[in-house]
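Participant: show me how the following folds:
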Amino acid sequence: MCSSTCCCHLHNQSESQPDVYINDPTSGTGCLYSTGDNETSFSGNGNGVSNGDHRAVRASVVSAFGHDTLDRVPHIDLYRNAGSISGHRAVRPSLQELHDVFQKESSEGFPSDDLESAVPVEKKKGGPIKFGWIKGVLVRCMLNIWGVMLFIRLSWVFGQAGWGLGIVVILLSCVVTTITGLSMSAICTNGIVRGGGAYYLISRSLGPEFGGSIGLIFAFANAVAVSMYVVGFAETVVQLLDYDSIMVDPLNDIRIIGCITVVLLLGISLAGMAWEAKAQIVLLVILLAAIVNVFVGTFIPATETKKTQGFFNYQANIFMENFTPDFRGAESFFSVFAIFFPAATGILAGANISGDLKDPQAAIPKGTLWAILITGITYLAVALSVCTYHIQLAACELGYNFSSCVTNPDSCKFGSMHNFQVMTMVSGFGPLIIAGTFSATLSSALASLVSAPKVFQALCKDNIYTALHFFAKGSGKNNEPIRGYVLTFLISVAFILIGDLNVIAPIISNFFLASYALINFSCFHASYAKSPGWRPAYKFYNMWLSLVGAVLCCVVMFVINWWAALLTYGIEILLYIYVTVKKPNVNWGSSTQAVTFVSAVSNALSLSGIEEHVKNFRPQIIVLTGSVRTRPALLDLAHSLSKTYGLCRRMLISIPRNSCGHFYSNFNLLFKCKPKNQLWLHKNKRKAFYTAVASDDFRQGADALLQSSGLGRLKPNILMMGFKRDWRSADTQAIKNYVGVLHDAFDFEYGTLVLRVPQGLDMSQFVEEEGGCIIMSPSHKLTDQPKVSKPYVLVFIHLVLFSVQIDEAKINDMLLEASTQFQKKQSKGTIDVWWLFDDGGLTLLLPYILTTRKKWKDCKLRIFVAGQPGRTEQDKEDMKTLLIKFRINCSDINVIDDLHIGPKSDNWKAFEDMIEPFRLHEGGKDKARSEALREESPWMITDEELSSFEEKTNLQVRLNELLREKSSSANLIIVSMPIARKESVSDHLYMAWLDTLTKNLPPTLLIRGNHKSVLTFYS
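Facilitator: Numbering: from 1, shown residues only. The predicted structure is shown next:
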């Protein structure tokens, strides 16, 4: 909105002056005022935007073009999301504002709000703490990858595998993590990255289904990992204690020390990211000192004590001896790899706090890949140095008696294969290795304690799981997830107290690997989709390499533990199904959508090159419903006919021009309501597309739809509309348009369906208008409904038509009940099919499709066919044979052999009374007078026309008698639709035929196929 200062200038402008831009420097708000008579004025939200969006008019607009213009020069602020926290969003003028200078009301279209837009955070003094790539990513990743494996189990890994296969173990681990790092780098640089780490990357790439499932288990894995690392720390502490120092017993001491440690770590986390980062730096210094201490110790001459334990400084013969593997017991390459690989699963430590990074797009790739390189080299250097100075299994070749290791290897306490304290023994200062072990466990625990709440908060903010939205709230300038910290603390303490971590450990490792697999697959999927929106700034990736990385992660999951891998997949599939069923209301432009689009286009193109075959016929229906909620019965029946078998399109034709040719204000609402109507169809599980067309009249709009709808083989082949119940009171042009649409459908070779229900179809009077989205043109409604304010309604009871006075409430109840009749499960009954004319089989196929639906499964088909007198049994057998060949079951076949009999006199009299207001009665007048009457009222029914089509008229009246006699109790009647020849049968006579044929009956569907076979009995 314009500020008060800005608005004050408006009164100073002369009416003859041109439009003036006024920019309020205090509010940063630009205002455009129209001071002339022929310009559009708007202020702040001319595009229907919220008050927080402004069009700031810059001097560059004027200077660049030499005149004032509504157009904007390209600028970054025009492309920000609504509620952007990185800058103020500007909104460009709408196309309508630029194009329609006479428009006095600004358009009401809304900018495309992106659900990943963050709520603007009020800037406070000092601002939130943000980290660069070294402190935010590199340090965290290195601390997570340098775990206790480096000091305790690395020598055992190379003792079992030898340095030959040991290098393969480390390199294979690095290959998996490097490919994942490259994929993550590509995803990170394809747009702004916000908080959420792996969850954010996967969900924005593959969609909420994959992101929501992996985000929950990834957050849980980090929470449980806290307890794993803390228990590792507590076990080391207990082992260092003397027996007299044990408080209760070793197991309970581990629990006590673990709980105390978690409390201390929680305190550091709650103190803020700045304190947590400082603690990580301290732990890194200790860890680096411990690693350097190992290398320093290798150059110190070995003492006799160290030699008796297998340490002999650097010797080439020891190095060569340690080349070959020496797997003991049940160990193998894969089991050793499974033990080592979890040490490499810390590469997401930096990405997990993506919301706390200054520039996550640059920091995450650089920090992660450097961490993988540095830690990989460190592991190789430490391992190879161990293989150079320490033997795998102590032997006598070096002058020392290790006979016990030869005779009973399982009891041997020497050599890299049996001594887990090799690093402590060879280091320059043993206690520093213990400190390094503490540092490795505590740093990993602290990183996981921070990562789990951050990821979980991002998941909860997106409201994927509505029950967890409580944890989305943050506190402080860094929006810290305090509730998430408490939840992570409780999970960690629970697993420390009651969890069997030896069983949990492989599951947690598989959870991490599942995240890596999806990150790799996300990169592959986005590249494969070839979406124009996939433009990562990081170019050093390959889609097929990412796919290989995803497969490797899946393989490694089974290598580590096959049952844990199956459990991980099972949990992920269940969560995926849950999110898919819940259908969260988010749209992140995922690669899944892109691939779906590409696949749809490809399939549509491939189908277009294949000739249609009768066996593959599917009903693809255009339904003229108006707004999707105004004719629910028509919509529901069309949905039952097309669901899983074909396509359905709901159409609204609006006449938005007035008599002067100008657009009404609801012209823009017509197009604004298209997504709302489509969303309503989606929410109500109606598999259909919604299209709105603006046209000068109903017939032109329908013609446009009939000719242009569809692509290739997806082109509609059936038109469905409601019966026009008010045809006797409607104006002539409306009748001409309605019948003209039927003629056009026949000309375009569409199958045609007309539905009539006793209470009518139009329920627009019961539907509340939402944002102007119920757009009806009263003179062009497809099925006009009697106004509910009238106290009279026609009710058909026991084949007799009564005029009953009913109060308005009862009328409403009856109409609403009728509008939902096809939504309910149909009671046991019949679908009566009056297949009078062979139209290619559509009249028979559609009712058969209905019987395959759950709602109609209790309804049996009854077939009625016309037959010749004296051939009833033969005609019945012929039809039975045909139905058997078509493999269509029916409960009864009836042959009608008395159609040729004239109708009853009272029914014929009722028909004459119906058409009387529309008859010309030119028969008794002279030729000149007759011609004059015809020219004056060419739409009226002439005596000549009535005489020419007397037999066909008699047939409609007679058919109605038979329908009331034989099908009055049917759930649905389907009748072959009569066809009127163009320019031979007047519109009013044709409407009288349809009205007479279907009056006083249960719901009736008139069907006429396009006379091309849709049924076949050939294989």
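Participant: only C-alpha atoms from now on, for both contacts and neighbour counts.
Facilitator: Will do.
Participant: low-confidence ranges, the stretch 501-650 of the chain, go.
Facilitator: Within the stretch 501-650 of the chain, the ranges that satisfy pLDDT under 70 run 501-502, 644-650.
Participant: make it 80
Facilitator: Low-confidence segments of the stretch 501-650 of the chain (pLDDT under 80): 501-505, 585, 609, 626-629, 643-650.
Participant: all strands of it, in order?
Facilitator: Along the stretch 501-650 of the chain, the segments classed as strands by DSSP state E, counting those that start in this stretch run 621-624, 648-654.
Participant: hey, which helix or strand in the protein has the poorest pLDDT?
Facilitator: One helix or strand of the chain scores below all others by mean pLDDT, DSSP states H and E: strand 792-797, with a mean of 30.
Participant: need the next SSE after the longest helix seen in the chain, C-terminal direction.
Facilitator: Criterion DSSP state H: the longest helix present in the chain is helix 154-188. Going down the chain from helix 154-188, the next helix or strand is helix 197-206, by DSSP states H and E.
Participant: same question for the helix or strand that comes right after that next one: list its buried residues.
Facilitator: The C-terminal neighbour of helix 197-206 among helices and strands, as given by DSSP H and E, is helix 208-240. Within helix 208-240, the residues scored as buried using 16 or more other C-alpha atoms under 10 Å are 208-238.
Participant: ok, stretch 548-565 next?
Facilitator: Buried, per 16+ other C-alpha under 10 Å, within stretch 548-565: 548-554, 556-562, 564-565.
Participant: go on, stretch 170-181?
Facilitator: Using 16+ other C-alpha under 10 Å as the test for burial, stretch 170-181 gives Ile170, Leu171, Ser173, Cys174, Val176, Thr177, Thr178, Ile179, Thr180, Gly181.
Participant: mind giving me JSON lines with those and columns for pLDDT and distance to Ile1007?
Facilitator: Conversion of those to JSON lines gives the following (pLDDT from 0 to 100; distance: C-alpha to C-alpha, whole Å):
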{"residue": "Ile170", "pLDDT": "91", "distance to Ile1007": "72"}
{"residue": "Leu171", "pLDDT": "92", "distance to Ile1007": "70"}
{"residue": "Ser173", "pLDDT": "90", "distance to Ile1007": "67"}
{"residue": "Cys174", "pLDDT": "92", "distance to Ile1007": "67"}
{"residue": "Val176", "pLDDT": "92", "distance to Ile1007": "62"}
{"residue": "Thr177", "pLDDT": "92", "distance to Ile1007": "63"}
{"residue": "Thr178", "pLDDT": "94", "distance to Ile1007": "64"}
{"residue": "Ile179", "pLDDT": "94", "distance to Ile1007": "60"}
{"residue": "Thr180", "pLDDT": "93", "distance to Ile1007": "59"}
{"residue": "Gly181", "pLDDT": "92", "distance to Ile1007": "61"}
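Participant: check the residues you listed against Pro917 and report the nearest one.
Facilitator: Thr180 (80.1 Å; C-alpha to C-alpha).
Participant: now do the contacts for the closest one.
Facilitator: Under the criterion of C-alpha atoms under 8 Å, 6 or more residues apart in numbering, the contact list for Thr180 reads Tyr516, Ala517, Ile519, Asn520, Ser546, Gly549.
Participant: give the closest residue to Pro453 in space, chain neighbours not counted.
Facilitator: Leaving aside its sequence neighbours, Pro453 sits nearest to Gly484 (C-alpha to C-alpha, 6 or more residues apart in numbering; 4.5 Å).
Participant: do the same with Gln821
Facilitator: Spatially, and ignoring its direct neighbours in sequence, Gln821 is nearest to Ala633 (6.8 Å; C-alpha to C-alpha, 6+ apart).
Participant: burial of the one you found, as a residue count?
Facilitator: 27 (other C-alpha atoms under 10 Å).
Participant: again with Ala505
Facilitator: 17.
Participant: quick check: it touching Met228?
Facilitator: Yes - between Ala505 and Met228 a contact is recorded at 7.4 Å, counting by C-alpha atoms under 8 Å.
Participant: where does the prediction get shaky in the stretch 301-450 of the chain?
Facilitator: Within the stretch 301-450 of the chain, the stretches with pLDDT under 80 are 301-324, 326-331, 355, 386-428, 430.
Participant: helices along that one, start to end?
Facilitator: Here the stretch 301-450 of the chain has its helices, by DSSP state H, counting those that start in this stretch, at 304-308, 316-321, 333-340, 360-389, 403-407, 422-426, 430-461.
Participant: for stretch 604-623, which positions count as buried?
Facilitator: By neighbour count on 16+ other C-alpha under 10 Å, the buried set for stretch 604-623 is Arg618, Pro619, Gln620, Ile621, Ile622, Val623.
Participant: swap that for stretch 147-166, sorry
Facilitator: In stretch 147-166, counting by 16+ other C-alpha under 10 Å, buried: 147-163, 165-166.
Participant: what average pLDDT does that stretch get?
Facilitator: Taken as a whole, stretch 147-166 carries a mean pLDDT of 80.
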